[in-house]
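Student: Return atomic coordinates for the entry below.
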Amino acid sequence: MQIDEMIMAVQKAVGVEVDGKAGPQTWGAIYAALVKETIARKPPVEAIERVDDRSERTIATLLPEVRPFARALVQKAAANGIQIKVISGHRTYEEQDALYAQGRSKPGQRVTNARGGYSNHNFGIAFDVGVFSGSKYLGESPKYRGVGVLGADMGLEWGGNWTSLVDQPHFQLRPSWAQGMKEKDMLAEFRRRVAAGIPAYA
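Tutor: Now for the predicted structure:
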């Protein structure tokens, strides 16, 4: 039996989404089943210890379903000797349009190909991390690839695996309804859901 098949069998047994990735939801369900159901009266996945203040301010902008993954990634990276912080989270359409204008109608280097409504950051499912050495931010570092492996192992989609615009600091958590969908189709559905007031992960 392959390891992903084992994980899927465990996920089915503990009643969480079956995707073959052992993320915070899976470990939280295993903890509840084997140890105890709550930690300080919270479900285990919600009781994951807070990280640094800068990351927490950004994590607070994400959808509740994504927050434990962001915290877990910071902790998992630290356990592997890599210091990261979550430095970008949710953006409004207007904030996204301002970034899109950079290097086009405004001075600066192009940092995105996405206009407002065409970035996963606009829907609270995506975040960017920065690698740090003490208080120094490292914009370029081979450690981003290591963090990418850790995130993908948890079930996050990593921008370092993209081909059109490689984005190593970027991570996102697809809803189950979007598994296997093309990015443009997923974003169109997000826009529809926002307009209709439908939750992203419903």
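Student: What count of nearby residues applies to Arg192?
Tutor: 10 (other Cβ atoms under 10 Å). For glycine as for every other residue, the C-beta is placed from the backbone atoms N, C-alpha and C.
Student: helix or strand for it, which one?
Tutor: Arg192 is part of helix 183-196, with elements assigned from DSSP states H and E.
Student: mind listing what's buried in that helix?
Tutor: Glu183, Met186, Leu187, Glu189, Phe190, Arg191, Arg193 (16 or more other Cβ atoms under 10 Å).
Student: likewise stretch 46-66?
Tutor: Buried-residue list, stretch 46-66, by 16+ other Cβ under 10 Å: Ile48, Val51, Ser55, Glu56, Thr58, Ile59, Thr61, Leu62, Leu63, Glu65, Val66.
Student: And the closest residue to the fourth one other than its chain neighbours, how far from Ala60?
Tutor: It refers to Glu56. Closest residue in space to Glu56, ignoring its immediate chain neighbours: Arg50 at 5.6 Å, by Cβ to Cβ, 6 or more residues apart in numbering. As judged by Cβ to Cβ, to the nearest Å, Arg50 and Ala60 stand 10 Å apart.
Student: now Trp27
Tutor: Trp27 sits 22 Å away from Ala60, taking Cβ to Cβ as the criterion.
Student: pLDDT-wise, which helix or strand of this protein ranks last?
Tutor: helix 24-34 (a mean of 80; mean pLDDT, DSSP states H and E).
Student: so what does it touch, helix or strand wise?
Tutor: Judged by 3 or more Cβ pairs under 8 Å, 6 or more residues apart in numbering; DSSP states H and E, the packing partners of helix 24-34 are helix 3-14, helix 67-79.
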